[in-house]
Each structure stands twice: as structure tokens, then as C-alpha cells.
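1. let's see this in three dimensions:
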Amino acid sequence: IKLTSSFSKRLTGLILGLRIHHLPLNQHLFRFTKVASPDCPHCPQTEETVHHYLFACPQFQPERHVLAHALGQKSTSLSHLLTDPAAIPHLVRYVNKTSRLKSTLGEI
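-> Purely as a prediction, here's the structure:
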């Protein structure tokens, strides 16, 4: 809570959503019958999870490369991305550049 005390509501919502895996990604939306499939729109037969979105989806490789350049090996740690204040701006840049969550969360 201390980390997010100075964050906007949108950024706090993003951090919390990533932490508890409750974001408008298909795996989560499928559980509530909001989408027809839990699969990634870019990767057939692969569920669109928080892990897939941040670390594996080839659609977002360019954005992930920028994240890795900024944070090094730590860019592959969800824990680091969500708890290190220095990593938050880079995570926000990644989320905004992918535009995957923009329709729900807007620009962070």
C-alpha cells in the first residue's frame, strides 16, 4: 500500500490487477463469459494470462525489448515489476505502448 499511496487510481488499479491477475485479458474475461475463448488474440491455443501478456506474447516483443533494455534481467520478474518503484515507469510505458488494456484502463 505504501508503494501505491502516491499513484493515480488508474495506476493503482493496474498494479493491483497485475498482482491478483484480474485484468481485462481473455483468460480472466472468459471466466465471466465476456469473451468466447481464454486464448490470446495473437497466439492461438495459448491462454492470455498476465504472464503471457507481459513475458511471452510475440505481438509485444518490441515493447518487451524496450522494457528489458531498461531493466535488464529483472524485467522478467513480475515481483520486481510490481514492487520496485524504479520499475513502475517502465512497466507503465510497456502497458501504454501495447494498448492492450487501453479500452478498459485508458492511458495510465
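2. leaving out sequence neighbours, find the closest residue to N26.
-> Using Cβ to Cβ, 6 or more residues apart in numbering and skipping the chain neighbours, the partner closest in space to N26 is E48 (3.9 Å). C-beta coordinates here come from the backbone N, C-alpha and C atoms, glycine included.
3. okay, now that neighbour: neighbour count?
-> Neighbourhood size, E48 [other Cβ atoms under 10 Å]: 26.
4. quick one, grab the pLDDT at it.
-> For E48, the pLDDT comes out at 98.
5. just to check, it is in contact with D39?
-> Yes. If you go by Cβ atoms under 8 Å, E48 and D39 touch, sitting 6.4 Å apart.
6. between these two, which contacts overlap?
-> Here E48 and D39 have N26 as joint contacts, going by Cβ atoms under 8 Å, 6 or more residues apart in numbering.
7. quick check: the residue nearest to N26 vs H21, distance?
-> The span separating E48 from H21 equals 11 Å under the rule Cβ to Cβ, to the nearest Å.
8. quickly list what's touching both of those two.
-> Common neighbours of E48 and H21 (criterion: Cβ under 8 Å, 6+ apart): Q27.
9. show me what contacts T49?
-> By Cβ under 8 Å, 6+ apart, the residues touching T49 are H21, L25, Q27.
10. how about a cut-off of 10 Å?
-> T49 makes contacts with H21, L23, L25, N26, Q27, H28, P38, C40, F55, A56, C57, as judged by Cβ atoms under 10 Å, 6 or more residues apart in numbering.
11. the second one contacts L101, doesn't it?
-> Yes. Taking Cβ atoms under 10 Å as the contact criterion, L23 and L101 are neighbours in contact, 6.3 Å apart.
12. shared neighbours, those two?
-> In terms of Cβ under 10 Å, 6+ apart, L23 and L101 are both contacted by the residues G13, L14, G17, Y53, V95.
13. neighbour count and pLDDT added to those, as a markdown table?
-> Listed next are the shared contacts of L23 and L101 as a markdown table, based on neighbours: other Cβ atoms under 10 Å; pLDDT from 0 to 100:
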| residue | neighbour count | pLDDT |
| --- | --- | --- |
| G13 | 18 | 92 |
| L14 | 22 | 95 |
| G17 | 18 | 95 |
| Y53 | 22 | 98 |
| V95 | 23 | 98 |
